[in-house]
Each structure stands twice: as structure tokens, then as C-alpha cells.
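Q: mind folding the following:
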Amino acid sequence: MADFIGAVDQGTTSTRFMVFDHDGTEVARHQLEHEQILPRAGWVEHNPLEIWERTETVIGSALTRAGLRPSDLGAIGITNQRETTVAWDRHTGRPYANAIVWQDTRTDAIAAALDRDGRGDVIRARAGLPPATYFAGGKVQWLLDHVDGLREAAEHGDAIVGTIDTWLVWNLTGGPDGGRHVTDVTNASRTMLMDLATLDWDEELLGFFGIPRAMLPTIHPSSDPEAYGCYRLGRRQGEIPVAGVLGDQHAAMVGQVCFEPGQAKNTYGTGNFVLLNTGHEPVRSSHGLLTTVAYQLGDTRPVYALEGSIAVTGSAVQWLRDQLGVISGASEIEALAGQVEDSGGMYFVPAFSGLFAPYWRSDARGAIVGMSRYNTNAHLARATLEAICYQSRDVIEAMVADSGVALDLLKVDGGVTQNTLCMQLQADVLGTTVVRPRVAETTALGAAYAAGLATGFWSGTDDLVANWQEDRRWEPTWSEQQRADGYAGWRKAVDRTLGWVDVG
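A: Modelled structure (predicted):
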């Protein structure tokens, strides 16, 4: 048996390849960024060919740097930015347009129309999602309606579509020469097109968006030794099984070994994503959360989750760096924010592309409120960190209301968790213990786990639970009054952002 499992982690800003051993320890990695294409306000695009080129490069570079051969890998797992959507020609592999990124808001009129005529209620009941610009179904409709020749090509069977996992698997397994056109249940559950009960595309939902079923990929479990084919490396190098696929937040759930109902994790990246395991039955939210498939391992029953998706958290720090020049590097924000004891009454609501869970308000836009001449860049830096934490509290409050289960511990992962001040603020804002694992890259690890379970590298989830180790924890230090006052101010600040943009 091979000694290692690889994982492609294709994210919003970069692509990386990581290699793990049986203990879940990282042994190799390589990472490359890709361009963020912003054609107009609210539009966010990626070049699919650039993403594919980056993927091949990071796989080869990681193996070379670690002195590994392809035969040292037992399998590859894939995890991806979820709702980002690409359409391409099945015969040539050429995309019809840039990928529309999950943050993109050009489909706001499509989402609004769905809610006006009652179709939105059907989507909520069947797919577990509210009509929103976030999800892939509206992006597919927009491409079909606006890209010349795409609808005709789709109806003739020449054009196919998918989220980024589908694009990568198709290319890894041969592209025009027999590439697999597939996706997994977690990515499919982010489209507004899949029935959560049947785990298949729903004809009525497809009709809402005018999407031909033939252009969509086949849906499979997240961990499957046969469904995803093999990465073809050439005659001399052989093939590596592609055995696991998970959307990024679902992969983090597996990497954090949240296998029991009631266990939750929060991933801090470009945005924040809180998932709560609800077991084998989907729990419908009445507080603005998403019902989603957490994962499905092999032929076992799927596990569902409640999710709170927050659009802008880590990217707010990037905004301070790139647009305002308040900091020259993301790592500087902790020291700057640490110069003051609080935010001086300032609140920053980074609703750059509207508000996601639990508000779902595409008419919101960012606001900095409560300012006086007393405030400095340090207060703004601290308010930015607090915004990350308050948005997470919004989601967790909704989660507790939906599930009836109080959260006494939150597992955290992602780049922002290296900011110890932010994690202390998170514990303070929530009044809950916050725990970071020793392996911080839980998204890539979860993809590796899915692939390794499919191929017998790990014998079962007990092996994965045994691998999880705590690195650090933070306990709340604020008083209840301080916590209540801070959150009341946050909710007032959120109110100021609403209704700024007219949505059709």
C-alpha cells in the first residue's frame, strides 16, 4: 500500500496540493494564487484554464519538492470553492466564459424573481436553500441567457457545466479524452437544483432555471473508489485514483472529525462558514440558515448539516490592506488592533456584496458606523476583527434556535485562526470555548480523508478521530454585560446597512 494521500484544495484565491501520512500529518505542499477578475461592481470571475494550469503545477511541484513519486500516493481527494460555476465544451475543454464566483451578485434579479412568484418556497422546501445570488443554479441560468451560443450548445449536448470540483475532475481524468463529468452530493447541494431527499437533480427545480439536465454532472457520494476515475499522469508515471470530492466547508467538517450530531466547526477564510452536524435527517431552518449535505461516505446514509455562510470576513482584512492601505500585510492586523483595548464604539459591517446568513439581504452594503475624531486606524483594525466574530455569533445564535442545542465548544480552522487576538475575541463575543486543532489545514485534510477512506488507507472514521489533536483553546473573558452591550451595538450597525441598493 502507498504511504501517503494527496489533496487538491482549490480555493477562492489560490490552489494548493498537500500530501498527508496515515497520522494526518502534512508531508508536502505547494500553493499558487490565481487572478481575481472584477469586470464591474458586484461581479467576480476566475479564469478556469488558469485554475486548471495552477492545479497541475501545484501537484507536480509538491511531489518534486518532497522527493515523492506519483506511486507514493494511494489516492487524491479534491476540495473546492463550492458555488463557483463554469461551462465548457465537452469536445475541446474550452470554457465558454470565465467562471462566475460564489461572491458574484449579478444574479440578484433572478433570485428576486424566484421569491416574488412563490418558486422560492419550493426551492427552500426541496433544496434547503433560499433563492440567493450565492448559489450555482442562478449562475448557470445567467450563463445560458447571456453567453452567445451556450444554450444551443447545451441543447445539442456539446456544452456541459459544473462547479469547480467537476471542472477539475473532468480535466484530471482525461478532459476531452474520456474525462468524468461528475460531482458529489455536497457540491450538488449548493446549486438550488438537487432534492435533499433523493440526492438527485430535481426536474421541477431545473425547470425554474431553464437548465437542460444533460449538461449537468452525475451526482455521487463524497467518498467513492469508482466514481471519480484516475488522474492520468502519462504512460511512464501511471495513474492515481481520484477517490474523494467534498466542497470546502464540508471537507473542513470531515477534517475536524465532526461526525456526531451536535458537533460544529467554523472555518475562517475569505468568508466564514459554520456547520453543525444534524445527523441523518435534514433539519429545516426557520432562522435564515441553510440545510445542506455535510458528507456521504461510500454507500452509507448521508449526513446533513445546518450551515451559516458569511460572505466577507478574511477578505475584509484584505480590503484594509489592498484598498485602504491601513496595513501592508494581513499578519499586521493583530498588532495594530492590539494597540487599543476596544474598538472605541466603532463597528464595521463588511456587507460588500450584501449579507448572507442569517439575513440574506442582497440590498445591504458595507458600512463603518459609530466613528468620532477619537477613532484611529487601530480602532478600525479591531472593529474588523470584531466583525468576523459578530457575524459568526449571528449564525450560531440562529443555529441554536433551529437545533435547540446550546454550543459549548466551537472547533475552528482556517488562516484567521492564527490571529490569537481574533480567536480570543471570538470566545468573548460568543461566551463559548474556542478550540484550534494541531493540523490547521482541515479543508485539505478532509479531502484526503475522503479519498483515503474510499481506498482503505484509513479503515474508518475512528482512525480519523484518533488523529485529531488540540493545539490551543481560548476561554471567554468578557462579562455578560460587556457581551450583551457589544452585540446590541453590532445589531444596530447591521440595520444601517440594509436597503442601500435597489434590487429588482
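Q: could you find the closest non-adjacent residue to Gly308?
A: Leaving aside its sequence neighbours, Gly308 sits nearest to Val395 (CB to CB, 6 or more residues apart in numbering; 2.7 Å). C-beta here means a position set from N, CA and C on the backbone, and glycine is covered the same way.
Q: sorry, slip of the keys, the one I care about is Pro358.
A: Leaving aside its sequence neighbours, Pro358 sits nearest to Gly288 (CB to CB, 6+ apart; 2.9 Å).
Q: who's in contact with the one you found?
A: Applying CB atoms under 8 Å, 6 or more residues apart in numbering to Gly288 gives the contacts 130, 357-360, 398.
Q: can you verify it is assigned to a strand?
A: No - per DSSP: H, G, I helix; E, B strand; the rest coil, Gly288 lies outside any strand segment and is coil.
Q: dihedrals phi and psi, it?
A: When read as degrees, to the nearest 10, the backbone of Gly288 gives phi 90, psi 10.
Q: just say helix, strand or coil for Glu35.
A: Following three-state DSSP, we place Glu35 in the coil state.
Q: and it, its phi and psi?
A: Reported as degrees, to the nearest 10, the phi and psi values for Glu35 are phi -70, psi 140.
Q: check the gap between it and Asp72 for me.
A: Distance, Glu35 to Asp72, by CB to CB, to the nearest Å: 32 Å.
Q: also Leu410?
A: From Leu410 across to Asp72, the span is 36 Å (CB to CB).
Q: more neighbours: which of the two?
A: Set Leu410 next to Asp72 and count neighbours by other CB atoms under 10 Å: Leu410 wins out with 22 against 18.
Q: my guess is that one meets Val429, correct?
A: No - contact criterion CB atoms under 8 Å: Leu410 and Val429 do not qualify, at 11.0 Å.
Q: tell me which helix or strand of the chain sits lowest on mean pLDDT?
A: Of all helical and strand segments in the chain, the minimum by mean pLDDT, DSSP states H and E falls on strand 230-232, at a mean of 88.
Q: which element follows that one toward the C-terminus?
A: Using DSSP states H and E, the helix or strand that follows strand 230-232 in sequence is strand 239-247.
Q: with only the CA atoms kept, save the next helix or strand after that next one in CSV.
A: Using DSSP H and E, the next helix or strand after strand 239-247 towards the C-terminus is helix 248-255. Provided in CSV are the C-alpha atoms of helix 248-255 (Å, rounded to 0.1, in the frame of the first residue of the first chain):
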residue,chain,number,x,y,z
ASP,A,248,-14.5,23.1,1.0
GLN,A,249,-16.7,23.6,4.1
HIS,A,250,-17.8,20.0,4.1
ALA,A,251,-14.2,18.9,3.8
ALA,A,252,-13.4,21.0,6.9
MET,A,253,-16.2,19.3,8.7
VAL,A,254,-14.6,15.9,7.9
GLY,A,255,-11.1,17.2,8.7
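Q: pull the number of nearby residues for the residue nearest to Gly308.
A: Counted with other CB under 10 Å, residues neighbouring Val395 total 26.
Q: work out for me the element it sits within.
A: Assigned by DSSP H and E, Val395 belongs to helix 377-403.
Q: mind putting the contacts of Gly288 in CSV, neighbour count included?
A: Formatted as CSV, those follow (neighbours: other CB atoms under 10 Å):
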residue, neighbour count
Pro130, 22
Ala357, 27
Pro358, 22
Tyr359, 17
Trp360, 21
Ala398, 21
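Q: out of everything not next to it in sequence, what's closest to Glu307?
A: Nearest to Glu307 is Leu290, by CB to CB, 6+ apart, at 4.4 Å.
Q: so where's this protein uncertain?
A: Along the chain, segments meeting pLDDT under 70 span 234-237, 503-504.
Q: let's see 80
A: Along the chain, the parts satisfying pLDDT under 80 run over 1, 232-238, 405, 503-504.
Q: helices of the stretch 101-250 of the chain, start to end?
A: Remark: helices assigned in the stretch 101-250 of the chain by DSSP state H, counting those that start in this stretch are 108-116, 119-127, 136-146, 150-155, 164-172, 185-188, 203-209, 248-255.
Q: distance to Met371 for those helices - can I get that in CSV?
A: Listed next are these as CSV, based on distance: least, CB to CB, whole Å:
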stretch, distance to Met371
helix 108-116, 29
helix 119-127, 37
helix 136-146, 36
helix 150-155, 47
helix 164-172, 39
helix 185-188, 41
helix 203-209, 43
helix 248-255, 34
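Q: tally up the residues packed near Thr85, please.
A: As a burial measure, Thr85 scores 28 neighbours (other CB under 10 Å).
Q: beta partners for the residue nearest to Thr278 when sequence neighbours are not counted?
A: Computed as CB to CB, 6+ apart, the closest residue to Thr278 that is not its neighbour in sequence is Tyr304, at 5.2 Å. Beta-bridge partners recorded for Tyr304 (DSSP bridges): Gly279, Val293.
Q: so Tyr304 makes contact with Ser285?
A: No - Tyr304 lies out of contact with Ser285 (CB under 8 Å); the separation is 11.4 Å.
Q: can I assume Glu307 sits in a strand?
A: Yes - secondary structure of Glu307 (three-state DSSP): part of a strand.
Q: give the contact list for it.
A: Here Glu307 is in contact with 249, 273-276, 289-292, 357 (CB under 8 Å, 6+ apart).
Q: include distance to Asp121 when you put those into JSON lines, please.
A: Below are the contacts of Glu307 laid out as JSON lines (distance: CB to CB, whole Å):
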{"residue": "Gln249", "distance to Asp121": "25"}
{"residue": "Phe273", "distance to Asp121": "25"}
{"residue": "Val274", "distance to Asp121": "25"}
{"residue": "Leu275", "distance to Asp121": "24"}
{"residue": "Leu276", "distance to Asp121": "24"}
{"residue": "Leu289", "distance to Asp121": "16"}
{"residue": "Leu290", "distance to Asp121": "15"}
{"residue": "Thr291", "distance to Asp121": "14"}
{"residue": "Thr292", "distance to Asp121": "18"}
{"residue": "Ala357", "distance to Asp121": "18"}
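Q: tell me the buried residues within these.
A: 249, 273-276, 289-292, 357 (16 or more other CB atoms under 10 Å).
Q: name the residues of stretch 85-96 that are buried.
A: For stretch 85-96, a neighbour-count test (16+ other CB under 10 Å) marks 85-88, 90, 93, 95-96 as buried.
Q: nearest to Arg472 among these?
A: Using CB to CB, Thr85 is the member of the buried residues of stretch 85-96 that lies nearest Arg472, at 37.1 Å.
Q: the closest one is in contact with Gly138, isn't it?
A: No - if you go by CB under 8 Å, Thr85 and Gly138 don't touch, sitting 9.1 Å apart.
Q: roughly how far does the residue sitting furthest away from the middle of the chain sit from Ile327?
A: For the chain, the residue at maximal distance from the C-alpha centroid (CA atoms, centre = their mean) is Arg373, at 38.2 Å. Distance of Arg373 to Ile327, given as CB to CB: 22 Å.
Q: and Gly414, by the same measure?
A: 19 Å.
Q: ok, the two, which is more surrounded?
A: Gly414 (24 against 21).
Q: now do the more buried one against Val317, distance only.
A: Counting by CB to CB, the gap from Gly414 to Val317 is 12 Å.
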